[in-house]
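Enquirer: need a structure here:
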Amino acid sequence: MCDRCKSKPNSDGYPLLELGPWAKNKLHYLRYYSSLFTNGMKSRWPETVYLDLFAGPGLCTVRGTGETIQGSPMIALSQMPPFTHYVFVDSDKSHINSLNARSQSINAAGEKLILPGNCNNSEIINKIVNFIPPNALCLAFIDPFTWDIDFKTLRALTGSRRVDIILVFQIGGIKRAIESSTTSLDQFFGDDGKWRKLVANALPNQRTRSLLDHYRHQLSSLGYLGQQYPTEVSVVNTKNVPLYYMVFATKHPRGQDFWQKAIHHSATGTRTLPGF
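Expert: Numbers count the residues shown, from 1 in each chain. As a prediction, the model looks like this:
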């Protein structure tokens, strides 16, 4: 079951998104990188933007423990120093209503654009592009259900901008998707189906690595740096089975340095080596 499949009511009257316990690591890496981003760039970039294309309702509950934790939007809104601009998109209107209400409880001074709808919709993309200052430095967190982010959307949002990307690369259902006739992966990779040939030529235990490398190649066409260091973080379930990878991409070496610091810092505050 994906992290984003269930919502439960909260005492504030708005839903909580139910997450598996492993998602706390994902959110930890986002929090740590966001802190490095806003603190490290505050004197160099007067305008910074946080962009969340699958934002959720803002608060989450951890399956099995009932713990309530901040989701990605509230993590971003809590950063000090703050981002100067925030963009939140979600196709679930109840999530948008929740986020609208909850975001008011955090005294974040930046401008907010909260949009209901599909982030791949051209109207949504145009609203985002027009909202982001032309000379801003951006951080995009992309955490889709499966592969619901079209590559053409990334191209439109990042083509002429400095945008660091943290993207959740789902692998849980990729075997079924590979064997089906779905076009969702065609749109995700933006390669007119070339990924299928890569899969056909790869050994079964090398398919995920082949697809990750191919996606990185696609990102390089948008001006993103090559993989100088190991940058994907494997997030596993309670049985140590990989569920997804967190893929990072940047157009500047400083971003790579920040990400290396983030992924070698565990949620308990200790230095660690991420799984690949």
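Enquirer: What count of nearby residues applies to Leu212?
Expert: Residues lying near Leu212 (other Cβ atoms under 10 Å) number 18. C-beta here means a position set from N, CA and C on the backbone, and glycine is covered the same way.
Enquirer: And the helices in this protein?
Expert: With DSSP state H, the ranges of helices along the chain come out as 23-41, 72-77, 93-103, 122-131, 151-158, 174-179, 184-189, 195-201, 207-220, 253-263.
Enquirer: Leaving out chain neighbours, which residue sits closest to Ile128?
Expert: The spatial neighbour of Ile128 that comes closest, neighbours along the chain excluded (Cβ to Cβ, 6 or more residues apart in numbering), is Val87 at 5.5 Å.
Enquirer: re earlier: now the helices of the chain in TSV, please, with extra columns for distance to Ala109 and mean pLDDT.
Expert: Output for these, formatted as TSV (distance: least, Cβ to Cβ, whole Å; pLDDT from 0 to 100):
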stretch	distance to Ala109	mean pLDDT
helix 23-41	12	96
helix 72-77	10	97
helix 93-103	12	95
helix 122-131	16	98
helix 151-158	24	97
helix 174-179	41	74
helix 184-189	35	91
helix 195-201	43	89
helix 207-220	32	92
helix 253-263	23	93
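Enquirer: Nearest to Leu139 among the ones you listed would be which one?
Expert: helix 23-41 (5.4 Å; Cβ to Cβ).
Enquirer: Could you list the alpha-carbon positions for the closest one in PDB?
Expert: Only the C-alpha atoms of helix 23-41 are listed here, as PDB (Å, rounded to 0.1, in the frame of the first residue of the first chain):
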ATOM      1  CA  ALA A  23       7.900   7.600   5.600                       C
ATOM      2  CA  LYS A  24       9.300   9.300   8.600                       C
ATOM      3  CA  ASN A  25      12.800   8.800   7.100                       C
ATOM      4  CA  LYS A  26      11.600  10.400   3.800                       C
ATOM      5  CA  LEU A  27      10.300  13.400   5.600                       C
ATOM      6  CA  HIS A  28      13.400  13.600   7.700                       C
ATOM      7  CA  TYR A  29      15.600  14.000   4.600                       C
ATOM      8  CA  LEU A  30      13.300  16.600   3.200                       C
ATOM      9  CA  ARG A  31      13.400  18.600   6.500                       C
ATOM     10  CA  TYR A  32      17.200  18.400   6.800                       C
ATOM     11  CA  TYR A  33      17.800  19.400   3.200                       C
ATOM     12  CA  SER A  34      15.300  22.200   3.400                       C
ATOM     13  CA  SER A  35      17.100  23.600   6.400                       C
ATOM     14  CA  LEU A  36      20.400  23.500   4.600                       C
ATOM     15  CA  PHE A  37      18.800  25.100   1.600                       C
ATOM     16  CA  THR A  38      17.200  28.100   3.300                       C
ATOM     17  CA  ASN A  39      20.100  28.700   5.700                       C
ATOM     18  CA  GLY A  40      22.800  28.200   3.100                       C
ATOM     19  CA  MET A  41      21.200  30.300   0.400                       C
END
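Enquirer: Could you list the buried residues of that helix?
Expert: For helix 23-41, burial by neighbour count (16 or more other Cβ atoms under 10 Å) applies to 23-38, 41.
Enquirer: now that helix against helix 253-263, angle please.
Expert: 140 degrees (axes from the mean of the first three to the mean of the last three Cα atoms, to 10 degrees).
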